[in-house]
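# Need coordinates for the below:
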Amino acid sequence: MASDFSHIDSETHQPAMVDVGNKVITNRVAVAQSIVVLGKAILSHLQENDIRTKKGPVFQTAIIAGTMAVKRTADLIPLCHPLPLDGIKINVEVISEKEVAIQCRVAVTAKTGVEMEALTGASIAALTIYDMCKALSHDIVIKETRLISKTGGKSDYQSK
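The predicted structure follows:
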C-alpha cells in the first residue's frame, strides 16, 4: 500500500525523512501568519508600536523569539531537514482594536522548502506575545496560524 504522505516510507509504512538528494536547488520563500487576539485592555498599553511590560518590549521580544524558533525548526519537528537559511523577517502589526498579526517570512536556497520554518516562527512569536501579556490578562486567543504563500520548488502557493 503506497502512502500519499511524503513522510511515510512507502515500503515500511514507517515515518521517514524525505530524501531530497535528487531535488534541484532553488530559491524558496515561505510566509506564515499568526493572529493573536489581545483585547482592548491589553492593546490600551500600546505605546510607539509596542507594548511595554515588566518583562520588556513585547513585540520586539516576540520577533527575537520567532527568529530563534525558525533557526531551531529541525530540532523541534522531527522530520524537517536542517536548512542553511538565507533570511528571516518577522513583523508584528496591530490590525484592529483587539488583534495583532505576526507575519514570518523565511528564505532559503536549498532542495526543500521553508514552510515549516515560517509556521514555527509565527507560532513561537504568538506564544511569546501570550507569555509576555498574560500578566495583563489571560483572555488572549491565538486565533490562527497558517501559510500565506510559498514560492520555489515544485509548486508555488498563495492563500485565498
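# which helix is the longest one in the protein?
helix 115-133 (DSSP state H).
# for that helix, packing partners?
strand 26-37, strand 50-53, helix 58-71, helix 73-76, strand 85-94, strand 99-110, strand 141-151 (3 or more C-beta pairs under 8 Å, 6 or more residues apart in numbering; DSSP states H and E). The C-beta positions use only the backbone N, C-alpha and C, and glycine is treated the same way.
# how about the fifth one: buried residues?
Neighbour-count burial for strand 85-94, with 16 or more other C-beta atoms under 10 Å as criterion, is recorded at Leu85, Ile88, Ile90, Val92, Val94.
# and what of the fourth one?
Neighbour-count burial for helix 73-76, counted by 16+ other C-beta under 10 Å, picks out Thr73, Ala74.
# oh, and call the first residue 56 from now on, that's how I've got it
Shifting the count to begin at 56 puts that one at helix 128-131.
# From the contact counts, what lies against it?
helix 170-188.
# centre of the chain versus the helix it packs on, how much separation?
6 Å (C-alpha atoms, centre = their mean, to the nearest Å).
# tell me the angle of it relative to strand 196-206?
150 degrees (axes from the mean of the first three to the mean of the last three C-alpha atoms, to 10 degrees).
# Average pLDDT for helix 170-188, rounded please.
For helix 170-188, the mean pLDDT works out to 97.
# Kindly report the same for stretch 117-135.
So the average pLDDT for stretch 117-135 ends up being 97.
# Please spell out which residues along it are buried.
So for stretch 117-135, counting by 16+ other C-beta under 10 Å, buried means Ala117, Ile118, Ala120, Gly121, Thr122, Ala124, Val125, Lys126, Thr128, Ala129, Cys135.
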